[in-house]
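> Quick one, fold the following:
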Amino acid sequence: MHALRAAFVLQLGLLRAKLGHAGVLVAIPFYVLIFFSIVRSNGRADLDSAALLAPALAGMWTLGLHFAGDIVDGDRWDGVLEAVLAAPTSLVRVVLGRSAAIGLVSLLGFVEALLFGLLFFRSALAVGHPWWFTAALLATTFASVCTCSLIAVVCVLGKSALSFKNSLIYPIYVLGGVFLPVVYLPGWLGVPARAVYLSWSSDLLRAAASGAPLVDPAPALAAIVGLGVAALVIGAVVSELVVHKVRRSGRVLVS
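Below is the predicted model of the structure:
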């Protein structure tokens with residue numbers, strides 16, 4: 001627990017010290033503009049909530065992915081990655097604590113999208129089922145933290161986290177049903193899409209935001225949490241393999 005807390009505080013300090021990384025937030029208003037242009041130009045004001053939630057979820061994912069990749073690249077360039085891998089504390093605990101701080105900060109992207117929609121499009125997110133919406137948002141944040149932990153651990157194996165994290169941004173937008181629900185994707189994409197926690201999150205958040213009665217939302221919530229736990233378990237296994245490999249070879253890829 002001490003390692004988790006220390007890693008959490010460390011990451012918050014690093015985020016404050018490297019405010020340049022907050023440049024990712026600049027792109028979120030443009031996402032809002034794009035999605036609102038689509039629904040408003042087609043006279044679909046009933047889809048305003050979807051136009052708000054899409055950039056909000058996209059912002060959470062982009063921020064989380066950006067900072068998760070930076071955990072490894074930042075430590076590598078600062079020359080401390082080897083020390084982190086050699087420390088007696090398990091790598092996954094350190095990464096999980098730092099990813100928790102990232103998950104907290106990624107909520108800024110969610111809030112920014114909602115505020116931008118309210119200020120510039122006069123559209124507020126009306127939540128028909130606040131308790132389920134809150135539960136879905138918390139579960140999504142948890143799954144994001146666990147997924148970011150897995151991504152950060154995997155990045156240790158590669159020479160550069162930048163290309164890896166960039167390759168994940170837009171495919172997850174599509175498979176996660178951020179704007180277009182997964183049911184409208186080609187049938188063969190259904191199975192891989194449901195392996196992405198955002199596909200469950202986006203469906204549940206949209207349903208909870210609407211005023212329509214919810215139809216058995218518990219399985220979707222369980223799927224979000226379950227996929228988060230699965231990512232965390234895989235991350236723990238991979239981290240042990242990574243540390244074993246590094247300690248056996250005595251070196252870490254640095255370029």
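> can you tell me the average pLDDT over stretch 61-75?
Stretch 61-75 shows an average pLDDT of 78 in the prediction.
> May I have it as PDB, with CA atoms only?
The C-alpha trace of stretch 61-75 is given here as PDB (Å, rounded to 0.1, in the frame of the first residue of the first chain):
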ATOM      1  CA  TRP A  61      -8.800   7.500 -23.300                       C
ATOM      2  CA  THR A  62      -6.400   9.900 -25.100                       C
ATOM      3  CA  LEU A  63      -5.100  11.400 -21.900                       C
ATOM      4  CA  GLY A  64      -4.800   8.100 -20.100                       C
ATOM      5  CA  LEU A  65      -2.900   6.500 -23.100                       C
ATOM      6  CA  HIS A  66      -0.700   9.500 -23.500                       C
ATOM      7  CA  PHE A  67       0.400   9.600 -19.900                       C
ATOM      8  CA  ALA A  68       0.700   5.800 -19.600                       C
ATOM      9  CA  GLY A  69       3.200   5.700 -22.400                       C
ATOM     10  CA  ASP A  70       5.100   8.600 -20.900                       C
ATOM     11  CA  ILE A  71       5.600   6.600 -17.700                       C
ATOM     12  CA  VAL A  72       8.100   4.400 -19.500                       C
ATOM     13  CA  ASP A  73       9.500   6.900 -21.900                       C
ATOM     14  CA  GLY A  74       9.900   9.500 -19.200                       C
ATOM     15  CA  ASP A  75      11.700   7.200 -16.900                       C
END
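> Run the chain-centre distance for it.
Offset of stretch 61-75 from its chain centre (Cα atoms, centre = their mean, to the nearest Å): 10 Å.
> Can you give me the buried ones in it?
61-75 (16 or more other Cβ atoms under 10 Å). To be clear about C-beta, it is placed using only N, CA and C from the backbone, and glycine gets the same treatment.
> Out of those, the closest to C155 would be?
V72 (4.1 Å; Cβ to Cβ).
> tell me the pLDDT at the residue nearest to the closest one when sequence neighbours are not counted?
Closest residue to V72 apart from its sequence neighbours, by Cβ to Cβ, 6 or more residues apart in numbering: C155 at 4.1 Å. In this model, C155 is scored at 78, pLDDT.
> Roughly how far does C155 sit from G235?
According to Cβ to Cβ, to the nearest Å, C155 and G235 sit 11 Å apart.
> Same check on F142?
Counting by Cβ to Cβ, the gap from F142 to G235 is 13 Å.
> Between the two, point out the one with more neighbours.
Neighbours were counted for F142 and for G235 using other Cβ atoms under 10 Å; G235 has more, 24 against 19.
> What residues does C148 make contact with?
Contact partners of C148, counting by Cβ atoms under 8 Å, 6 or more residues apart in numbering, are 64-65, 67-68, 99, 102-103.
> per-residue pLDDT, it?
Value for C148, per-residue pLDDT: 87.
> Can you tell me how far the closest residue to it other than its chain neighbours is from R194?
For C148, ignoring the flanking residues on the chain, the nearest one in space by Cβ to Cβ, 6+ apart is A68 at 3.8 Å. In this view, A68 and R194 are 22 Å apart by Cβ to Cβ.
> With only the CA atoms kept, save stretch 165-179 in PDB.
Output in PDB follows, covering the C-alpha atoms of stretch 165-179 (Å, rounded to 0.1, in the frame of the first residue of the first chain):
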ATOM      1  CA  LYS A 165       0.400   4.400 -27.900                       C
ATOM      2  CA  ASN A 166      -0.200   6.300 -31.100                       C
ATOM      3  CA  SER A 167      -1.300   3.100 -32.900                       C
ATOM      4  CA  LEU A 168      -4.000   2.500 -30.200                       C
ATOM      5  CA  ILE A 169      -5.800   5.800 -30.200                       C
ATOM      6  CA  TYR A 170      -8.200   5.600 -33.200                       C
ATOM      7  CA  PRO A 171      -8.800   1.800 -33.300                       C
ATOM      8  CA  ILE A 172     -10.100   2.000 -29.700                       C
ATOM      9  CA  TYR A 173     -12.300   5.000 -30.700                       C
ATOM     10  CA  VAL A 174     -14.000   2.700 -33.200                       C
ATOM     11  CA  LEU A 175     -14.000  -0.600 -31.300                       C
ATOM     12  CA  GLY A 176     -15.000   1.300 -28.100                       C
ATOM     13  CA  GLY A 177     -18.100   2.700 -29.800                       C
ATOM     14  CA  VAL A 178     -17.200   6.200 -28.600                       C
ATOM     15  CA  PHE A 179     -19.700   7.800 -30.900                       C
END
